[in-house]
Every structure is written in structure tokens, then in C-alpha cells.
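K.L.:
starting from these lines, generate the structure:
(one chain, ligands or ions: 1)
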Amino acid sequence: MLIDIITLPGDGIGPEVVAQAVNVLRRVAERFGHQLKVSEYAIGGAALRSVGVPLPEETLRACRERAAVLLGAVGAPEYDDAPPSLKPETALLRLRQELGTFANLRPATVYRPLLNASSLKPEVVAGTDLLIVRELTGGIYFGTPRGLQDDEAYNTMRYTRPEIERIAHVAFRAARQRRRKVTLVDKANVLECSQLWRRVVAEVGRQYPDVEWTPMYVDNCAMQLIARPQQFDVILTGNLFGDILSDEAAMLTGSIGLLPSASLGEATGIYEPVHGSAPDIAGQNKANPLATIASAALMLRHSFGLNEEARAIERAIEEVLERGYRTADIYRGEGQLVGTREMGHQVCRLLARATA
Ligand code: NAD
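P.N.:
Next up is the predicted model:
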């Protein structure tokens, strides 16, 4: 298969971590007999410096023509006081908007060797492997009317059937690549929007008879996530609840340097680490590349349907951690402290062995 992707390394540690993810993709392509084509474009501060805008038209056009974009991070201190249109971060918001990425996928996997990195007890988080599928472009953050007048303020939560249908399909399809279980998280005892979600998800669910789905109230889910996180496979939810629950779930895992994400639309998917450009450690070979490498695995799975290849990357990450390699953010005095390049190299090495 031809894996034809765009990379947008961006700013700070972005280029360092994307370089490692590309090395890993090359290794996967070699081992599984695929052809990898990588085209790199500018975004963020890097684009501001070269062409004067954070998201050049050329970059946007190229992204529209591909199935997948692997992004590093954007943001640089020198633009902190710039007007919004000249801020690197504006590029990301516009890119998501232009590509219509309505589904945000955030996995939270607790790696066994890092059980002690979580703020919860190891026995509570052990075995956690869940995926939050959050609706990203609708709901109360976007609903109108909205307003604030003197001592009164209001917002509108609004969802339509097509908006719910398309995100439900993303969740059920993702569940098919995992443990075939979807939990719909809502507040259907209070909100009409949630009642519509339940009705539509029940209908969509009938098209996936091999996937089991159950509803759960959001307040209960917030509690269950820190009480028994292993019970979840795919969590499907709206924009507001997803925003809160995905941050809660992220904390189960330990470090921001481990968390990948995917934003899916009708055509192009954007894959990126959850962290930012980390200017404090940029250019020092200190950044943890595993979040970006795990994002590349999500890309293979969700944009190219290459589940076995994605699993091979995820297993290699687990094994590297198992063998004690640690970048500074996850180093707790044990194991071997390594830099960005060494960590990427170790994943490549194990990947070759695991699949050879
Ligand atoms: P950040 O995520 O860049 O950094 C927060 C802390 O985590 C820092 O101490 C950093 O060193 C550390 N860290 C982050 N990623 C790491 C990694 N891979 N390995 C090891 N340590 C890591 O967040 P911030 O400091 O609030 O923001 C810095 C810049 O990034 C800002 O300009 C911000 O706007 C931008 N930002 C961009 C994105 C994005 O591109 N998606 C997301 C968040 C922030």
C-alpha cells in the first residue's frame, strides 16, 4: 500500500519528535512491504518566519489532498504578544476547521512499566486501555443564541441527527478495531440533547451488531474513570463532556509526553501529540517522542486501516518501556535515561525484531 502523508513539524520540539515518528513509519513500511511517501510543509512559527503567515495556503492545499497529516506542535515565545492572526497557534485551529475534523480521538493507555507514574494507585490503573471519541465541532461551545448581559448569561447546547450519526459511526468503527465495546456518556436524565444522542446511537448501533453499547451518565463516568478505568473500551461523548473526561483520562497515564491524538473528518485525519512545542526543552534532544510515535500508529489504524502495523508500533513502545528506557519526563531514578533520538532508535530496533 502507498502511505502518502504530510508532515507538519512546526515549532520547538515538534521537528525533533516528528523526525523520530517518521523513522518509525519508515521501519514499519519496510517490514510490512508498504511504500511510504512523506511530504513536509511549514506551519506555525516556522511558517511565519518563512512566508509571514501561520498556515500557508500551500500547506492547506497539500493537506486537503492527503488522507493523513502528522503534526508536531506549534507555538513559540517570540509570538506571545502577536495579534491572533499572527500567532502560530491560530494555524492549528484553522487547519482543523478547514479540514472539518469533527471527531477527536484520545486514547489513554497505562503502560505497565510506568504504573508508578500515575497519580492513582498502580492496582487501580493497571490494564487501562481506553479511547475517548469526542464530538469536536458542535454542542454548547458553538450553539446559538449565546450571550452575557449584566447579571444574566446563557449558552445553547444543540445537536442534530447527522452530527450525532457521523461521530457515532467513528466510535463504532474504532470499537471494531479494539474490544468491541462502546459506552455512550451523556446526561439523558436531564438534557434533551442527550436523549437525542441515545436515540440516534441506538439506531447506528444496530448497524454494528458485533459491538456492544451501553449508556452511562457523565457524573457516574467521571467517578468510574478513577475508580475502575479498565471497564472502558471506547467512550463516545459530546463536546463539553469529552473535553473534561479526556483530560481526566489523560492523568491516568502519567506524562503528557506519552499521549497521542487523532482528529478525524470526512477525508483528512490530523494526528498529533497532545503536548505543545515545549520551548523550555527544544533543541536539547530531551523531548519524549513516544506521543508522536503513538500518533503515527493511530494514523496507520484510522486513515489507512493498517491495524496490525499500528499494533506493532504500540507493542514496540510497550517493550521499550519494559526494557527500562526513559526520557527525562518519565525518569524516576530507575532504568536508563535516554534522549529523543535514542528513544526513537530503540522503538525502531524493537519494531524490526518484533515483526521480522
Ligand atoms: P507544552 O505541552 O509545550 O509543555 C508543558 C510542559 O511539558 C513543559 O515543561 C514541557 O517541557 C513538557 N513537555 C511537553 N511535551 C513534552 C515531551 N514530549 N517530552 C517531555 N516533556 C514535554 O505546553 P506549554 O508550555 O503550555 O506551551 C508551550 C507552547 O506550545 C505554547 O506556545 C503553546 O501555545 C503551544 N501549544 C501547542 C499545542 C499544539 O501544537 N497542539 C498544544 C499545547 C500548547
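
K.L.:
ok, the residue in the stretch 51-200 of the chain that the ligand sits nearest to - how many residues close by?
P.N.:
Nearest residue of the stretch 51-200 of the chain to the ligand: Gly75, at 2.3 Å (C-beta to the nearest ligand atom). Placement of C-beta: from N, CA and C, glycine included. Look at Gly75: counted by other C-beta atoms under 10 Å, it has 21 neighbours.

K.L.:
next: Arg134.
P.N.:
For Arg134, the neighbour count with other C-beta under 10 Å is 27.

K.L.:
okay, it: pLDDT?
P.N.:
Looking at Arg134, its pLDDT stands at 96.

K.L.:
that one bridge partners, please.
P.N.:
Arg134 has these beta-bridge partners by DSSP bridges: Asn104, Thr237.

K.L.:
element containing Pro162, please.
P.N.:
Taking DSSP states H and E as the criterion, Pro162 maps to helix 161-176.

K.L.:
next helix or strand past that helix?
P.N.:
Once helix 161-176 ends, the next helix or strand along the chain (criterion: DSSP H and E) is strand 181-186.

K.L.:
that following strand vs helix 161-176, what angle?
P.N.:
Angle of strand 181-186 versus helix 161-176, following axes from the mean of the first three to the mean of the last three C-alpha atoms, to 10 degrees, is 150 degrees.

K.L.:
which helices and strands sit right next to strand 181-186?
P.N.:
Using 3 or more C-beta pairs under 8 Å, 6 or more residues apart in numbering; DSSP states H and E as the contact criterion, the elements in contact with strand 181-186 are helix 161-176, helix 192-205, strand 212-217, helix 218-227, strand 234-237, helix 239-250.

K.L.:
so how far is it from its chain's centroid?
P.N.:
From the chain centre to the centre of strand 181-186 is a distance of 18 Å (C-alpha atoms, centre = their mean, to the nearest Å).

K.L.:
got it, and stretch 123-135?
P.N.:
Computed by C-alpha atoms, centre = their mean, the chain-centroid distance of stretch 123-135 equals 13 Å.

K.L.:
tell me the buried residues in it?
P.N.:
Residues of stretch 123-135 classed as buried by neighbour count (16 or more other C-beta atoms under 10 Å): 124-125, 128-135.

K.L.:
quick one on the thing from earlier: mind checking the SS state of the nearest residue to the residue of the stretch 51-200 of the chain closest to the ligand once chain neighbours are set aside?
P.N.:
Of all residues not flanking Gly75 in the chain, Ser277 sits nearest, at 4.4 Å (C-beta to C-beta, 6 or more residues apart in numbering). Three-state assignment for Ser277 (DSSP: H, G, I helix; E, B strand; the rest coil): coil.

K.L.:
isn't Ser277 up against Gly12?
P.N.:
Yes: in this structure, Ser277 is within contact of Gly12 by C-beta atoms under 8 Å, at 2.8 Å.

K.L.:
between the two, who's got more neighbours?
P.N.:
Set side by side, Ser277 and Gly12 show more neighbours around Gly12, with 28 against 25, by other C-beta under 10 Å.

K.L.:
wait, a helix at that one?
P.N.:
No: under three-state DSSP, Gly12 sits outside any helix and is assigned coil.
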